[in-house]
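Enquirer: generate coordinates for the sequence data below:
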Amino acid sequence: MMGKHTEWRKLVKNARRKRIRQKLAQERCALEKEEQQQRENSPSYRLWVENQRLLEDQQRIEEDRAVKEAHRRWIEVEQRAQEEWQILQDKLTLVREESARQQTLIKAEWEKEQRKLKELEEKKLKEEEEKLKQQLLLQEQLENFIEKGGHIPKELQKILETNPNKPVCPFYKKVGACRFGDACSRNHQRPYQSMENEYGSNSLEFESHERYSHFKEFFYDVLPELEKFGDIKQFEVCCNEEPHLRGNVYVEYSSSRAAMKAYRMLQGRWYGGKQLNVEFCGLESWKNAICESWKNAICGLFFKKACPKGSACNFLHVFRNPGNLYHYIDRENHSTKTSLEAENDSTGRNWRWSESPERIIHSYREDEQTRSKDKSSENGRERSRKHIKLHSKSLCRDRSRSAHSQFHKKIYKKSKR
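Expert: Now for the predicted structure:
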């Protein structure tokens, strides 16, 4: 029972406190309403309320103005950004268009270049085919001329020129070689079958008596091979120290046919471990090629040991042939083909020549005196010379320019030790 009464008392107290709070709240609200009514009836309060309303309106207007200004500025910034973006897009469009145009031009230029290269290749191929046909025809004409004789083909009478509009180089005209080579400012004229020679750098490392001993061995070694192609009228070997003359061998045949045959058979062969380079060239005369005085070209002063230019002489310093065979003084020599009586020693020469057929070699040493005596009786022969010039070189280049009426030829060899 006690517990229930205590609980009842708590509930009663809570209800009484609640009624007290409600009453106080009602009284407070009534008081506030009365005070509010009094304030509203007061002129000062009405003025304050009006001022507050005006302030609120002004604040709202200012806020609206600030929002509009911010929006306006944003619009301007956005518009400028859009304009700049559009300008950038226009520039990019122009760049892309220019790039596309450049690519189109490059492609068109490349296609044009490719067409041009293709045309050049086709033209070059046609020229090579035409050149090959001409070479085959020329080779056939050369073979017919060598085998059957007759007139010299017109193609073989053409002349190659290095500087067609320049004066003729006097040294090249006299000796068939020039120390300046293709760099010479004057014109070098060489027959059509000639090939540009490459001057060697080997020096003559022997004493004079050793050189002459080697020369005699060389002379007796190559003479039978050269005589296989026809009668020899002139045979000279240079002992100059200048690169463009060093070791040159000049051979003059009695006929163009013999010179052509020698050119065909000797071109590309090997001697003493070096490849021969055969070249035709024109000499006015042996007097103009061998230096007796400075206006002539085999140096007679050299034989007298009185050449004032010494090793720098650009005229021909030649070895004196054994027995004075095939000497130069512009005279006609009789045929050197004689019956050979004994075989030459093959051990000293087989190693030099390559792809040479087996042959019987005469002993020229036994016939030296007889030949030198017989030469003086043949001075009245016709003076048309065919010169051939051989080099033991490998690099050759062709140059063709204009025609030449004369058909002088010479062969010379580089016999370097």
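Enquirer: what segments of the chain are strands?
Expert: Along the chain, counting by DSSP state E, strands occupy 159-161, 189-191, 232-237, 249-253, 270-271, 274-275, 277-280, 386-391.
Enquirer: which other helices and strands does the fourth one contact?
Expert: What it means is strand 249-253. strand 232-237, helix 256-266, strand 386-391 (3 or more C-beta pairs under 8 Å, 6 or more residues apart in numbering; DSSP states H and E). No exception for glycine: its C-beta is placed from N, CA and C like everyone else's.
Enquirer: got the strands of the chain as JSON lines, with mean pLDDT and mean neighbour count columns?
Expert: Formatted as JSON lines, the strands of the chain follow (pLDDT from 0 to 100; neighbours: other C-beta atoms under 10 Å):
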{"stretch": "strand 159-161", "mean pLDDT": "73", "mean neighbour count": "19"}
{"stretch": "strand 189-191", "mean pLDDT": "70", "mean neighbour count": "23"}
{"stretch": "strand 232-237", "mean pLDDT": "86", "mean neighbour count": "23"}
{"stretch": "strand 249-253", "mean pLDDT": "86", "mean neighbour count": "28"}
{"stretch": "strand 270-271", "mean pLDDT": "86", "mean neighbour count": "18"}
{"stretch": "strand 274-275", "mean pLDDT": "83", "mean neighbour count": "18"}
{"stretch": "strand 277-280", "mean pLDDT": "80", "mean neighbour count": "26"}
{"stretch": "strand 386-391", "mean pLDDT": "49", "mean neighbour count": "27"}
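Enquirer: any chance of those strands in CSV, plus distance to residue 127?
Expert: Converted to CSV, the strands of the chain look like this (distance: least, C-beta to C-beta, whole Å):
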stretch, distance to residue 127
strand 159-161, 18
strand 189-191, 22
strand 232-237, 38
strand 249-253, 33
strand 270-271, 31
strand 274-275, 27
strand 277-280, 24
strand 386-391, 28
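Enquirer: and those strands: which comes nearest residue 319?
Expert: strand 232-237 (4.9 Å; C-beta to C-beta).
Enquirer: what is the burial count for residue 111?
Expert: 10 (other C-beta atoms under 10 Å).
Enquirer: confidence score at it?
Expert: Predicted confidence (pLDDT) for residue 111: 94.
Enquirer: ditto for residue 86
Expert: 95.
Enquirer: what's the burial count for residue 266?
Expert: 21.
Enquirer: ok, back up a step: of all the helices and strands packed on strand 249-253, which lies closest to residue 75?
Expert: Across the helices and strands packed on strand 249-253, closest to residue 75 is strand 386-391 (C-beta to C-beta), at 92.5 Å.
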